[in-house]
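>>> Okay, structure incoming, though there's no sequence with it:
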């Protein structure tokens, strides 16, 4: 690897893999492909426009844009296309794009022939700092976001910072929502770091959490901070919110809930609002958001194993908390309306 690239290892024993960060990282693709695949299926979206060369026979497979592409229908179509092309268990999948691409391609790879290797070439800020690392893949159902998925670790992740040069403003905000989250998970200094160091710091923090709790049976749940409300807002297409934009609102909402439960102070709520504002993100519900509809969607969240569960800040830091008092949830929603 070039000396200019920074590498973070996701330490999962014999499934350890590198996350390579830096300008031109995508050009390392051929060197990180696992085994000796005969063919590589490259999955991307029409608007990504980032060429890659895996060094072996490959074919491009394009999926749609937006959350509406994260469906079982998209997965079935991809797998059928791979089968017709002749992709085998010994071949590989390469996902080139943001979180939607890595989610769909990763999930498809995990179930095709009961699992083929996948490498991610991440091209968005959200993908670089969060979506491409950790091995969680999923698609949506009408009833909720990310309800069907697998844990399928990539063989490598290439975070090419060159791809950020053409990123639209909304995609920057999408990544900044997750970056704001990491400020409350132990990286309070993020706002003062250069961009590439911000990216590496977020990846390292997530890699440490994933190494400790790969299957989200404990500490890994903190990575969902701000996501319960975010997912409820995202599943409704009427609001036109990108993931990070929704997470920013969700972070402030989670802080309002925590303050009402006596877990944090009003000043700490203010810190959440300030962090979101620092990244030029909204901290209010979109107009027309229905309180009862949102609370009902909370119960469909994938963390809701035994009643409503929120990830909340508190005296011991961010942690999952079971909630039985929907009055608190309603009151906190009104506080961000």
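Good, I have the coordinates. Bear in mind the structure is a predicted one, so any value in this text is a computation, not a measurement.
>>> Show me the strands in this protein, by range?
If DSSP state E is used as the criterion, the strands of the chain fall at 6-10, 17-22, 39-45, 57-63, 92-97, 117-122, 136-141, 144-151, 156-160, 308-312, 319-323.
>>> Point out where the chain drops to low pLDDT.
1, 237, 301-306 (pLDDT under 70).
>>> Pull the contacting residues for residue 148.
Residues near residue 148 by C-beta atoms under 8 Å, 6 or more residues apart in numbering: 72, 107, 138, 139, 140, 141. For every residue, glycine as well, the C-beta is placed using N, CA and C.
>>> circling back: make TSV out of the strands of the chain and add distance to residue 225.
Formatted as TSV, the strands of the chain follow (distance: least, C-beta to C-beta, whole Å):
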stretch	distance to residue 225
strand 6-10	20
strand 17-22	21
strand 39-45	28
strand 57-63	28
strand 92-97	24
strand 117-122	21
strand 136-141	15
strand 144-151	15
strand 156-160	22
strand 308-312	5
strand 319-323	9
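>>> Compare these and give me the one nearest residue 103.
Minimum separation from residue 103 across these (C-beta to C-beta) falls at strand 136-141, 5.5 Å.
>>> And the closest one, what does it pack against?
helix 72-85, helix 99-111, strand 144-151 (3 or more C-beta pairs under 8 Å, 6 or more residues apart in numbering; DSSP states H and E).
>>> of all the contacts of residue 148, which two lie farthest apart?
107 and 141 (12.9 Å).
>>> In terms of packing, which of these two has more residues around it?
The neighbour comparison of residue 107 against residue 141 (other C-beta atoms under 10 Å) goes to residue 107, with 25 against 15.
>>> For the more buried one, give me its contacts.
Contacts of residue 107 (C-beta under 8 Å, 6+ apart): 75, 137, 138, 139, 148, 149, 150, 152.
>>> if I look at the closest residue to the fourth one other than its chain neighbours, how far off is residue 293?
So the one you mean is residue 139. Spatial nearest neighbour of residue 139, chain neighbours left out: residue 70 (4.6 Å); criterion: C-beta to C-beta, 6 or more residues apart in numbering. Distance of residue 70 to residue 293, given as C-beta to C-beta, to the nearest Å: 21 Å.
>>> Tell me which of those two has more neighbours.
residue 70 (24 against 10).
>>> isn't the more buried one right next to residue 102, touching?
No. Using C-beta atoms under 8 Å, residue 70 makes no contact with residue 102, being 10.8 Å away.
>>> Now do the contacts for residue 130.
Residue 130 neighbours (C-beta under 8 Å, 6+ apart): 99, 175, 178, 202, 206, 223.
>>> Give me the subset of those residues lying in helices.
99, 175, 178, 202, 206 (DSSP state H).
>>> neighbours around the nearest residue to the first one once chain neighbours are set aside, how many?
Read that as residue 99. Distances taken as C-beta to C-beta, 6+ apart place residue 131 nearest to residue 99, at 3.1 Å, with adjacent residues excluded. By other C-beta under 10 Å, the residues close to residue 131 number 27.
>>> residue contacts, residue 166?
So, once contact is read as C-beta under 8 Å, 6+ apart, residue 166 ends up touching residue 49.
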